[in-house]
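A.B. asks: below are the sequence and a predicted model for it; my questions follow.
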Amino acid sequence: MSLHVAILPEAEAELKKSACRDKVSALCVSCLCCALGGVTLYLTVRLFADAPEMMFQSDYWETDEVAAPLKRPEMLRPRPTVDDSSPDSALNLVLPDALSPVVLPSVDEPTEDARLGLSVNVGTGPGLEGIGFHPVRSTVIGDVFSTTEEIETASALEGTFYDLKQTVSGAETGMSPALCKKTLGEFVNKGWNAGVLARFYKAPTKLYASCFYLPICKAEEAPFAYGVQDRVKASQWVAVYRGKVVAPKSGRFRFVGLGDDALAVRFNGRTVFDYGWENLSSGQMTGGADKHAVRAALRDDRGKPREFFRYAGAGPDWNGNLDGLCSGDVFAVEAGKTYPVEVLVSEIPGGYFGFVLLIEDLDDAPKGRDATGSPIFQLFRTNFALPSTEELYERMNVPGDRRSHVPYDADSLIWRAVP
């Protein structure tokens with residue numbers, strides 16, 4: 001026997017009604033959710049669209065007022081004043097391509113206590129303005145010695161002054177002319193060793209030379225120039241100048257000059273010139289009217305006799321006692337190459353002194369000649385220095401028979417000095 005189960009008609013009708021109610025409820029809930037979502041979106045848009053702009057506070061407000069100009073600090077460094085009414089302080093610069101001097105506006109000159117040079121055209125105390133040792137004054141003629149702050153721009157050799165009569169502490173050394181010559185000879189023959197002079201008093205001031213051309217003048221000028229005139233007597237002193245120069249051209253050269261009392265030159269590590277009243281290398285006295293035979297016996301490094309050149313304006317002292325200027329040893333250079341150079345000048349007994357250092361280009365003969373027939377050589381210089389003996393003797397009381405003037409070629413090459 002089988003069992004058959006069937007739903008009653010009433011139950012089936014109730015189930016259908018329940019399913020219909022569920023569908024209607026779901027549809028209503030869906031519609032309600034859509035309506036709520038739309039309202040939410042609407043309110044959100046209205047909220048941000050109608051919200052007032054945010055106001056931010058700032059330290060800056062626009063204003064129509066014009067701000068007062070800022071007050072800048074005043075310069076504390078004084079500026080030099082210009083006085084066009086004083087032509088004496090005008091500076092003359094000779095440019096390489098110019099045919100005449102260019103005059104710049106004059107400026108106030110510093111006091112001697114400042115020890116600062118305004119140009120490389122320097123004088124030498126009471127008499128040697130322009131072609132001597134003075135470290136402060138500036139003039140309108142070529143320079144020989146200038147000051148400490150010129151070294152970077154002046155193209156010059158640095159000089160150190162020694163007094164052989166006293167030690168570093170100021171004690172007497174017992175120096176004599178004979179011992180002075182021996183000491184300087186030792187210095188030269190030992191490779192210009194600064195240690196030989198280290199025990200002697202050294203002037204605190206450095207001077208800088210762009211050429212070595214000083215007619216006969218009083219020996220007191222050198223200590224005065226170095227600022228030690230109150231401590232150093234004008235005898236048995238020596239000044240040594242050192243530096244590097246750039247050869248202006250390739251070729252063979254030799255120095256021509258004299259020193260009263262001594263002038264020596266070391267070029268590229270070799271002493272190529274040594275002549276004056278004293279020949280330091282040999283220890284001989286070569287000056288004096290009775291020393292002609294000694295001078296005639298002098299030889300260069302190749303064994304050839306030295307050549308001598310007298311000049312009409314050199315004066316009886318240099319022409320008679322030294323036979324004029326003397327030639328040095330030949331040396332060769334290459335254009336643009338740098339060479340070390342050292343120059344020594346010295347006065348031994350005191351009184352008068354001077355020196356002249358010229359240079360001969362052996363590959364280009366001098367174009368001019370003096371009244372004596374001697375060639376007019378170039379001035380050995382490291383810038384456009386053009387020293388003038390006329391300017392010197394206008395300011396210094398030197399007897400006419402003691403004066404000297406050696407001509408030189410104004411169109412001389414420039415052996416530019418470099419650090």
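C.D. replies: Arrived safely, thanks for sending. Numbers count the residues shown, from 1 in each chain.

A.B. asks: ok, and for stretch 221-233, which residues are buried?
C.D. replies: 221-228, 232 (16 or more other C-beta atoms under 10 Å). (C-beta placed from N, C-alpha, C; glycine too.)

A.B. asks: just stretch 392-402 next, same as before
C.D. replies: Using 16+ other C-beta under 10 Å, the residues of stretch 392-402 that count as buried are 392-393, 395-396, 398, 402.

A.B. asks: and it, how far from the chain's centre?
C.D. replies: Here stretch 392-402 is found 32 Å from its chain centre; the criterion is C-alpha atoms, centre = their mean, to the nearest Å.

A.B. asks: now swap in stretch 391-402 and tell me
C.D. replies: In terms of C-alpha atoms, centre = their mean, the centre of stretch 391-402 is set 32 Å apart from its chain centre.

A.B. asks: pull the CA atoms of it into PDB?
C.D. replies: The C-alpha coordinates for stretch 391-402 follow below in PDB (Å, rounded to 0.1, in the frame of the first residue of the first chain):
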ATOM      1  CA  GLU A 391     114.700 113.700 -12.600                       C
ATOM      2  CA  LEU A 392     117.100 112.300 -10.000                       C
ATOM      3  CA  TYR A 393     119.600 115.100 -10.200                       C
ATOM      4  CA  GLU A 394     117.000 117.800 -10.000                       C
ATOM      5  CA  ARG A 395     116.200 116.600  -6.500                       C
ATOM      6  CA  MET A 396     119.700 115.700  -5.200                       C
ATOM      7  CA  ASN A 397     122.800 117.600  -4.600                       C
ATOM      8  CA  VAL A 398     125.500 115.600  -6.400                       C
ATOM      9  CA  PRO A 399     128.500 117.400  -7.800                       C
ATOM     10  CA  GLY A 400     128.600 117.700 -11.500                       C
ATOM     11  CA  ASP A 401     131.900 115.800 -11.800                       C
ATOM     12  CA  ARG A 402     130.400 112.900  -9.900                       C
END
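
A.B. asks: tell me the mean pLDDT for that stretch?
C.D. replies: Throughout stretch 391-402, pLDDT has a mean value of 82.

A.B. asks: what does stretch 10-30 give?
C.D. replies: In the prediction, stretch 10-30 has an average pLDDT of 82.

A.B. asks: quick one: the strands in the stretch 251-400 of the chain?
C.D. replies: For the stretch 251-400 of the chain, strands defined by DSSP state E, counting those that start in this stretch occupy the ranges 251-260, 262-267, 270-274, 278-279, 284-285, 308-309, 325-327, 331-333, 338-347, 352-361, 378-379.

A.B. asks: what's the closest of those to Ala417?
C.D. replies: Ala417 sits nearest to strand 338-347 of all those, at 8.4 Å, using C-beta to C-beta.

A.B. asks: look through the protein and tell me its longest helix.
C.D. replies: With secondary structure taken from DSSP state H, the chain has its longest helix at helix 9-49.
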